[in-house]
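Trainee: Build me a structure from this.
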Amino acid sequence: MSHRRKTSHRARNALIFVLSLGILAAGGTVLYRWWRSTDQAPLLTVRYRTGAPATTAVAKPWLEIINTSGKTVDLSDVTLRYYYTADGASAYGSNCVQTALGCTNVTQRTGPADDPAPKADHYLQIGFTAQAGSLAPGKTSQGIGLQLYRVDHEKLNQADDRSFDAEDTTYTPSKLVTAYLGGALVWGEEPNGVTPPPTPAATPSSGPAAAAPPKGVLFDDFDYTGPDDPALAANGWQVRSGEGGPGIKDTWSADGVSFPAAKDGTAGQTLRLRAGTDGTAPGTRQSEFHSARPVFFTGTLVARVHFSDEPASGSDGDHVSESFFTISPDHASPKYSELDYEYMPNGGWGRLGPRLDTTSWRSSERGDRVTSTHVTKLGGWHTMVITALDGRTTYSVDGEKLFTSDRDYSPREPMSINFSTWFIDLPFKGAPRTWDMSVDWLYYQADAAVPVKDVQKAVAGLTADGTHYVDTLPKT
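Mentor: Residues are numbered from 1 along each chain as shown. You can find the predicted model right below:
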């Protein structure tokens with residue numbers, strides 16, 4: 001072999017060696033990227049199960065967050081998105097039914113997707129207040145029970161909802177539900193195909209976390225599916241049925257309690273209490289909605305209430321009472337307390353209407369009370385306030401003080417909170433007629449006098465955060 005041939009052979013071998021190194025280097029880079037993307041655990045893992053079939057009145061997604069990041073995660077930095085396809089033109093509502101974190105600390109928003117995709121033109125976004133706490137590495141939020149429903153209360157078809165899976169009746173990791181940490185996608189696949197990058201970077205896309213609600217507050221904007229919604233009991237409410245007075249005894253029915261959509265077409269709902277009669281006791285139904293335990297003692301209690309001056313259907317003339325009040329759970333209690341708003345558009349008790357009675361009671365058995373009557377027509381929405389503090393109870397409507405009772409009639413023990421529509425008597429028989437009273441929201445701040453403007457500001461902030469319910473009252 002000549003020297004030229006040896007040189008050529010060596011050059012060729014060197015070139016092959018260099019090319020091999022390049023290929024190995026390139027392949028190593030590819031292998032490294034593949035190893036990194038598959039070996040790196042997700043920062044969060046979301047598990048899902050369904051509690052309802054494909055066709056249902058209420059979707060019941062249950063979600064669980066597991067911290068797989070290796071670092072402590074503040075839940076206030078976490079948001080989840082559950083994707084669905086809206087059926088018809090109805091707005092959607094949602095609520096929290098059960099969670100170890102406390103439904104008070106879970107926020108929910110429903111709305112159209114910015115980038116609609118097949119089976120995902122809307123989403124339910126779940127967030128958490130600062131009071132929800134944090135998850136240590138490897139820890140779980142445990143199950144978060146949610147409800148999603150049409151506010152017109154028509155049935156849903158979940159078969160075309162991206163995040164729904166009829167077969168997931170036990171908790172299963174689901175990448176059709178996305179999770180974000182500090183606004184960055186860290187779990188799941190968005191409907192447009194985007195998946196988490198190997199090293200997510202936080203962005204402000206999810207917005208600021210909802211502030212922790214203050215202590216001593218009860219708030220509800222009444223986003224429920226109906227009188228049998230399990231979230232009512234979870235949130236401390238009861239719908240009355242069966243026996244007792246006042247009005248036409250033993251005619252209380254849950255059928256008159258509903259949560260219709262707001263008339264402005266938004267996702268908001270109201271609590272509606274409907275009473276109906278044909279002028280006979282067997283043909284009469286009355287409605288009441290109240291807290292299951294005595295929660296109000298002293299402080300500021302506010303409700304946005306819609307009174308009716310005319311029946312929703314049928315002839316006018318009934319002696320109907322549309323009431324917002326607090327009352328001791330035991331009428332025979334030696335510390336009996338009761339604070340009442342009672343609106344009677346057609347009068348009652350032998351007096352003409354329309355009129356509003358504000359009454360502070362010391363004993364229902366002895367009739368020991370002080371009352372102030374206001375001759376006024378109140379059909380429409382009004383902000384009703386009861387402020388009980390320092391031995392005085394003040395009743396205000398739309399910021400105007402109507403009546404103040406003194407220490408002898410101030411609350412002496414905790415009371416339940418009640419709304420009701422009932423008939424004082426039955427002045428005439430005939431065709432059926434119905435009367436409605438509605439409540440938009442309720443807000444109670446314990447042990448403090450709060451100006452109504454500050455209450456309205458607090459309510460606006462809570463609803464803007466997607467907070468439907470708050471209870472930070474002491475659990476005694």
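
Trainee: The closest residue to T467 other than its chain neighbours in helix, strand or coil?
Mentor: The shortest distance from T467 to any non-neighbouring residue, by CB to CB, 6 or more residues apart in numbering, is to T107 (5.2 Å). Glycine gets a C-beta too; all of them are placed from N, C-alpha and C. Secondary structure for T107, judged by DSSP: H, G, I helix; E, B strand; the rest coil, is strand.

Trainee: can you tell me how far T107 sits from Y224?
Mentor: Separation of T107 from Y224 (CB to CB, to the nearest Å): 17 Å.

Trainee: Which one of those two is surrounded by more residues?
Mentor: Y224 (25 against 21; other CB atoms under 10 Å).

Trainee: ok, the more buried one touching S94?
Mentor: No. Taking contacts as CB atoms under 8 Å, Y224 lies outside contact range of S94: 10.4 Å.

Trainee: Tell me how far H331 lies from G244.
Mentor: 10 Å.

Trainee: any residues in contact with both of the two?
Mentor: Shared contacts of H331 and G244, defined by CB atoms under 8 Å, 6 or more residues apart in numbering, are absent.

Trainee: Spell out the residue ranges of the strands in the stretch 51-200 of the chain.
Mentor: 55-56, 61-67, 73-74, 78-84, 92-99, 106-117, 120-128, 134-135, 144-150, 156-157, 172-173, 177-181, 184-187 (DSSP state E, counting those that start in this stretch).

Trainee: I'd like to know which of those is closest to W381.
Mentor: Closest approach to W381 among the strands of the stretch 51-200 of the chain (CB to CB): strand 92-99, 20.0 Å.

Trainee: Can you list the strands that that closest one pairs with?
Mentor: Strand 92-99 pairs in its sheet with strand 144-150 (antiparallel), by DSSP bridges.

Trainee: what distance separates the strand it pairs with from the centre of its chain?
Mentor: Here the centre of strand 144-150 is set off from its chain's centre by 10 Å, with CA atoms, centre = their mean, to the nearest Å.

Trainee: what angle sits between it and strand 78-84?
Mentor: Strand 144-150 runs at 40 degrees relative to strand 78-84, counting by axes from the mean of the first three to the mean of the last three CA atoms, to 10 degrees.

Trainee: Can you list the neighbours in contact with strand 144-150?
Mentor: 51, 57-65, 82, 84, 87-88, 90-99, 101, 106, 108, 110, 124, 126, 156, 225, 229, 231.

Trainee: Apart from its chain neighbours, what residue comes closest to P112?
Mentor: Going by CB to CB, 6+ apart, P112 has H122 as its nearest residue, at 5.5 Å.

Trainee: Got the confidence number for that neighbour?
Mentor: H122 carries a pLDDT score of 97 in this model.

Trainee: where's it relative to F419, distance?
Mentor: With the distance defined as CB to CB, H122 ends up 32 Å from F419.

Trainee: Please identify which of these two sits among more neighbours.
Mentor: F419 (23 against 20).

Trainee: Which strand residues bridge the more buried one?
Mentor: Beta-bridge partners, per DSSP bridges, of F419: F289, F324.

Trainee: wait, isn't it in contact with L273?
Mentor: Yes. In this structure, F419 is within contact of L273 by CB under 8 Å, at 5.9 Å.

Trainee: Nearest to E288, out of the strands of the stretch 51-200 of the chain?
Mentor: strand 92-99 (21.2 Å).

Trainee: and stretch 161-177, C-alpha only, in CSV?
Mentor: What follows is stretch 161-177, C-alpha atoms only, in CSV (Å, rounded to 0.1, in the frame of the first residue of the first chain):
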residue,chain,number,x,y,z
ASP,A,161,-68.0,17.7,27.3
ARG,A,162,-64.2,17.5,27.0
SER,A,163,-63.5,16.9,30.7
PHE,A,164,-66.3,14.4,31.3
ASP,A,165,-65.7,10.7,31.3
ALA,A,166,-68.6,8.4,32.1
GLU,A,167,-66.2,5.5,33.0
ASP,A,168,-64.2,7.5,35.6
THR,A,169,-66.4,6.7,38.6
THR,A,170,-63.4,6.3,40.8
TYR,A,171,-60.5,8.8,41.0
THR,A,172,-58.3,8.6,37.9
PRO,A,173,-55.6,11.0,36.7
SER,A,174,-57.2,13.1,33.9
LYS,A,175,-55.2,15.3,31.5
LEU,A,176,-58.5,16.6,30.2
VAL,A,177,-58.7,18.8,33.3
